[in-house]
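Participant: quick one: sequence and predicted model below, then my questions.
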Amino acid sequence: MNVMPRILKPHALADPKRFRTIQDLTKLRPDCGAAIDDMLIIDNEFLLIIDLTCIGNLLNPYNSPSASYVRTHGVIVASHSRDVACPVLWGDPFLLLVLSSQLDGKAVGYADIGEIVGNVSCPGGAFLFLPVQKDVPRPLNSLLDEVLTKETGVKIRLPKGTYRVFYEQFDVPEGTQKEYYQNIVVQRQ
């Protein structure tokens, strides 16, 4: 008798036992203008998630109003380059970017727990998580609107609060890179 293996569905969008802190990009590239913090404040506004290369030119010079806004409000998270869009799911208290290679095509189980709120790709290898507030500089706001029009980012309304960004690290098969076996999770604190 041939028995099909049972596929276990996750009980939550993410497992805090697998959470790892995000890297400090300022150690890798001191000139990048990245925030050292892994915290985001959402105050009745939207969270924008985009590939950092979409706004890269706007971050120079380092002290421009747009670069200062991103540095003050945003969190930049390194990822592996990904041309194919990954689903972004919300299920309070987690926002999940399903990036891990072993989960490709298996986001359906997660969709039973949370709501798919968009899709985002990351060909540049770094995501920008940016709360969009009323004081966003005009050049940055125009570029963000353009990014959303081209569907290269996602804009999500989240409940008011403080959020922290983590990697959700899965077991890594020998001989492969850990970046291919991690999701990015934003957890409401």
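Facilitator: All right, it came through fine.
Participant: how about stretch 69-80: buried residues?
Facilitator: Buried positions in stretch 69-80, judged by neighbour count with 16 or more other C-beta atoms under 10 Å: 69-71, 73-79. For the C-beta atoms, the positions are set from N, CA and C on the backbone; glycine is no exception.
Participant: quick one: which of those residues is nearest Leu52?
Facilitator: Within the set of those, Ile76 lies nearest Leu52; the separation is 5.9 Å, counting by C-beta to C-beta.
Participant: how far away is the closest one from Ala126?
Facilitator: With distances defined as C-beta to C-beta, to the nearest Å, the gap from Ile76 to Ala126 amounts to 6 Å.
Participant: any weak-confidence spans in the protein?
Facilitator: Residues of the chain meeting the criterion pLDDT under 70: 1-11, 23-36, 62, 102-111.
Participant: mind naming the longest helix for it?
Facilitator: With DSSP state H applied, the helix covering the greatest number of residues in the chain is identified as helix 138-149.
Participant: what helices and strands are in contact with that one?
Facilitator: Taking 3 or more C-beta pairs under 8 Å, 6 or more residues apart in numbering; DSSP states H and E as contact, the helices and strands that helix 138-149 lies on are strand 46-51, helix 65-73, strand 126-132, strand 153-157.
Participant: roughly how far is it from the heart of the chain?
Facilitator: How far helix 138-149 lies from its chain's middle: 18 Å, per C-alpha atoms, centre = their mean, to the nearest Å.
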